[in-house]
Every structure is written in structure tokens, then in C-alpha cells.
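**Q** Pasting a predicted model and its sequence here:
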Amino acid sequence: MPELPEVETVRRGLQGLIVNRTVKKVHHDTPKGFPNTDADVNNFLLGATITGVRRRAKVLLIDLSTEYTLVIHLKMTGQLVFRAAGVAFGAGHPNDSLIGELPDRSTRVTLTFSDESRLYFNDQRKFGWVRLMPTIGVPNIDFMKKVGPEPLEADFTAEEFAQRFERRKKSPIKVALLDQTVIAGVGNIYADESLWGAKLHPQTLVGNITKNQFKKLYSEVRDVMNLSIEKGGSTDRNYVNAEGRRGSYIDFARVFRREGQPCPRCGTIIVKFRAAGRGTHICPKCQVLE
DNA sequence: CACTTGACCTGTCCGC
DNA sequence: TGCGGACAGGTCAAGT
């Protein structure tokens, strides 16, 4: 589920909730979701204090005082939910939490802190993973070496954005947008939303896109993801923030999951079809394949 | 090398 | 209500 705005929302939440807490106990499944040995856990996780929470692309990095880092990918259905000690339903806001008692049957990792508060990693589909590794080694993992630039960074320009697509001239633009080695963080929701904003059909070949269209797409990608972060991300099914609450971007979506409804720009009925191997939503009048 | 397809899993929804 | 099949927001490996 989570794309850049969702992972960033979780990061911000965790930053305020778990930094300076010390890990007292660890429970995890093995080995696919958590490949480390007991020795790793004993030496570098137990007794460690959380020093910070970072994000790169859709990957979360929880830094520890041992100079190790918990590297976490939520993939489709991963959740990281914090619970204060003795609070069953979401930090005193029971009505806002989508998540009930924890752990539940999707819980795969539990960190218990010294004050008995807990961080749960839940993952229904089990595509996600948590892995403990030396902080210094994080930039060397394959994904980090290949992943493209962060599109929301202040110094990321429209020119650089357009340049990143140059090697994918024969790809449909939606495929290239979803390719994490081109730019980081865009997934299916924000691909559809930004292509609608730029009035580009998802199957338009990159090589046929003009400089001005790229400029527009650049602003749309940034605007859409910034708006989503402001709204706490998109909760379509599984996604929740670090307190188990939903995000509201989906209420502001223009095309995603809006098939059968009118295009907010021209009133034409939004249609859904398959492109780039994914469910794809467009306004057939605003987004015409040249 | 670039592009496509299938695999990884479980849960839900839709049609019969 | 039950059952089969399609589908779900992400990546990676293997195949063409």
C-alpha cells in the first residue's frame, strides 16, 4: 500500500513516538520477514536506544544507538503501529484507530520498550520485511544503490526530473514513473493522480512527451505527494499511520478509485483499465493517447 | 539492456 | 451462504 507520502507520514509519527526509547524485548517471525540471527538481535537491538527515524524512497530506517539500523519495507500491506503502555486501542483515541487489540494475527514483529510501550509491525500479505544491519552499510544495499532521487527535495529540479526519464524513451510514462530507479517513491495512486494532473495518458511513450509536459508532470508529482503528506496519506484498505489512524488523501483524489464518477475538470466519466500491469484510472477526455 | 510476466502471500469482493 | 476467480497501493527474478 504505502507510497512515499504514506511512508513519510509513518516516519513523522514514529519520530515523535519512539525516539529515545530503549528496546527491552523483541518478538519476531523468521526468516523471510526478519532474517537476522538471535545473536544479531541480542548484540545490536536489545538494549539499544532509538536515535532517529529516516526515510529513503519507500524504505523506513530506524537508527539505533548501537550504530545499527532497522531497515523496513512495508510493501503492500505493512503497518507500523505504536501503542503506549497499557493502552489497548491507539494511544487514548479509540475511535480514531482502525486497529484493534495488538498483537493480532498479522503481527510479525513486536518491539517492547523499557516503559512497556510497544511498536508492532503488522503485515497481512507478508511481502514486507524488517532487517537489522549496520547503519554504515545501508547505502550499500542493492536497492539504495539503484534507487532514483527524492522528488520532494528542495533542490530537485524540473530539468533533473526530465533527465531521469531519458533512458526510458520507449517506456509508457506510467511504467517509467513506477520505476523506482528513475525517481523514488511514486506508486500506483500517485502515478494515476499526477498523470491526470498533467493531462497525460499513462501509455504515452516517454519519448513523445514534450519538455513542457515534463515540466507540468514534475509539478504534479510534487504537488500531489505534498498534498497527500498534508492529508496523512491515502487509506484505501490497509494503510494506517504510526498511531493506527487513517489518512484522508483518498477523499481528495481526482481519478484514483473514482471510476464511474465525473472528472473534476471536465465532467467526463472516469474509467479504469489495466496498464503497466496495474489498475489504472484516467479521464478519457483529458488524457488522450497521441 | 529493456521490457514483460510471474512470484511472493492473504484477504476481500463479485458473480454464479 | 458457498465457491471460484479476479484483484489489491510493491519489488524482484527470470524469461523473451
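**A** Looks like it arrived, so ask away. Numbers count the residues shown, from 1 in each chain, chains lettered A, B, ... in the order given.

**Q** does stretch A:205-214 come close to DNA strand B?
**A** No: with CB under 7 Å from any atom of the strand as the threshold, stretch A:205-214 lies outside contact range of DNA strand B, at a closest distance of 7.6 Å. Where C-beta positions appear, they are placed from N, C-alpha and C, glycine not excepted.

**Q** Quick one: distance of that stretch to the chain centre.
**A** Once both centres are worked out by CA atoms, centre = their mean, to the nearest Å, stretch A:205-214 turns out to sit 26 Å from its chain's centre.

**Q** next one: stretch A:223-237
**A** Its chain's average C-alpha position is 10 Å from that of stretch A:223-237, according to CA atoms, centre = their mean.

**Q** Need the contact partners of it.
**A** Counting contacts by CB atoms under 8 Å, 6 or more residues apart in numbering, the residues outside stretch A:223-237 that touch it are A:1-6, A:8-9, A:77, A:98, A:151-152, A:185-186, A:189-190, A:193-194, A:197, A:239, A:241, A:245-253, A:256-257.

**Q** Confirm A:Leu70 sits in a strand?
**A** Yes: residue assignment for A:Leu70, taken from DSSP: H, G, I helix; E, B strand; the rest coil, places it within a strand.

**Q** Distance check, it against DNA strand C.
**A** With distances defined as CB to the nearest atom of the strand, to the nearest Å, the gap from A:Leu70 to DNA strand C amounts to 17 Å.

**Q** rewinding a little: among the contacts of stretch A:223-237, which ones lie close to DNA strand C?
**A** Among the contacts of stretch A:223-237, proximity to DNA strand C is found for A:Met1, A:Pro2, A:Glu3, A:Glu6, A:Ile189, A:Tyr239 (CB under 7 Å from any atom of the strand).

**Q** Filter those residues down to the ones in strands?
**A** Per DSSP state E, strands hold no members of those.

**Q** With pLDDT, neighbour count and distance to DNA strand B added, can I get those in TSV?
**A** Compiled in TSV, these are given as follows (pLDDT from 0 to 100; neighbours: other CB atoms under 10 Å; distance: CB to the nearest atom of the strand, whole Å):
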residue	pLDDT	neighbour count	distance to DNA strand B
A:Met1	67	24	12
A:Pro2	92	29	15
A:Glu3	94	23	16
A:Glu6	95	29	18
A:Ile189	94	26	17
A:Tyr239	91	27	14
